[in-house]
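In: Show me how the following folds:
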Amino acid sequence: QPSTYRSVFVHGIITLLKYQIKMKTAALFTALVASASAFAPAQQARTSSAVSMKVEDMPGATAPVGPFDPLGLATLGSESTLAWFRAAELKHSRVAMLATTGYLVQAAGVHFPGQLSSTVSFESLSAMKPLDAWDAVPDGGKNQIYFTILFAELVSEAQGIHYTKGGDLPTVVFPPIDFSSVKDDELKVKQDRELNNGRLAMIAIISFCAAANIPGSVPALAGNPMF
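Out: Predicted structure coming up:
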């Protein structure tokens, strides 16, 4: 029957299109991961691995608190799980330090010259509260930021042996920092400082967000025009 032939033909075309879409999607993802690997920084010989370490011996266990782990997360799984937790803490610490600094800079009214887009100037954003300024950023700008974050994450996860399998913990993607010439005791101090400052920054940015959305939730920030 002609109608039957047409149905079979249409079904075949649809199946072929679906297959091509899947193949193109897979090829795009593979290319993105490959490009991330190509731009991954060289392995830092002095970057510590968390797989072979106990939580008491890892950077960040400093006086007077020591290894702060009230929920016992370090004992939830294997050494690979502990390495994943440490990598997550490092990443969140670095992001929180950037976020806290960005919030304070925005609140101080410091801004770039010129236009962010054809309809939004940096000066107009600087007059807003930081969270309101983010809402005013055009969707295209937000998407560029999201893509940059995704790309940085792919780069940090694609370098050499993964940290859950004994490789180095994630390093700063840009600018790349080489600690190979730093002495062991000095490197330990720098790692302690990074983690402790990052932990404080995580508390700070959460406090900023709480104060901006729940009036009176952070008494120290009550009445501040930027919250």
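
In: Can you get me a residue count around S78?
Out: Look at S78: counted by other CB atoms under 10 Å, it has 10 neighbours. Placement of C-beta: from N, CA and C, glycine included.

In: cool, and G60?
Out: Neighbours of G60 (other CB under 10 Å): 21.

In: And for the one 3 residues further on?
Out: Applying other CB under 10 Å, we find 5 other residues in the vicinity of A63.

In: How about the one 5 residues further on?
Out: Look at F68: counted by other CB under 10 Å, it has 10 neighbours.

In: That one - that's part of a helix, no?
Out: No. Assigned with DSSP: H, G, I helix; E, B strand; the rest coil, F68 falls outside any helix and is coil.

In: That one and A152: what is the separation?
Out: According to CB to CB, to the nearest Å, F68 and A152 sit 27 Å apart.

In: now M226
Out: In this structure, M226 and A152 are 28 Å apart, going by CB to CB.

In: same thing with T171?
Out: Plainly put, T171 is 11 Å away from A152 if you go by CB to CB.

In: Show me the helices in this structure, by range?
Out: 2-39, 79-107, 122-126, 130-136, 139-157, 184-213 (DSSP state H).

In: wait, which of these is closest to D57?
Out: Between D57 and these, the shortest gap by CB to CB is with helix 184-213, which sits at 10.2 Å.

In: tell me what that closest one is packed against?
Out: helix 79-107, helix 130-136 (3 or more CB pairs under 8 Å, 6 or more residues apart in numbering; DSSP states H and E).

In: and among these, the most buried is which?
Out: helix 79-107 (a mean of 18; mean count of other CB atoms under 10 Å).

In: Quick one: work out the angle between it and helix 184-213.
Out: 60 degrees (axes from the mean of the first three to the mean of the last three CA atoms, to 10 degrees).

In: tell me the mean pLDDT for helix 79-107?
Out: In this model, helix 79-107 has a mean pLDDT of 90.

In: circling back to that earlier point, can you redo the helices of the chain as a markdown table with distance to P113?
Out: Compiled in a markdown table, the helices of the chain are given as follows (distance: least, CB to CB, whole Å):
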| stretch | distance to P113 |
| --- | --- |
| helix 2-39 | 30 |
| helix 79-107 | 15 |
| helix 122-126 | 7 |
| helix 130-136 | 16 |
| helix 139-157 | 17 |
| helix 184-213 | 26 |
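
In: Can you say which of those is packed in most?
Out: helix 79-107 (a mean of 18).

In: Which neighbouring elements make contact with it?
Out: Against helix 79-107 (3+ CB pairs under 8 Å, 6+ apart) you get helix 130-136, helix 184-213.

In: got a list of contacts for the first one?
Out: So that's helix 130-136. Identification of contacts with helix 130-136 by CB atoms under 8 Å, 6 or more residues apart in numbering yields 102-103, 106-107, 120, 124-126, 128, 142, 208-209, 212-213, 226.

In: Using PDB, write out the CA atom coordinates for it.
Out: The C-alpha trace of helix 130-136 is given here as PDB (Å, rounded to 0.1, in the frame of the first residue of the first chain):
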ATOM      1  CA  PRO A 130      25.200  42.800  44.300                       C
ATOM      2  CA  LEU A 131      22.400  40.200  44.000                       C
ATOM      3  CA  ASP A 132      20.200  42.700  42.200                       C
ATOM      4  CA  ALA A 133      23.000  43.500  39.800                       C
ATOM      5  CA  TRP A 134      23.300  39.800  39.000                       C
ATOM      6  CA  ASP A 135      19.600  39.700  38.100                       C
ATOM      7  CA  ALA A 136      20.100  42.700  35.800                       C
END
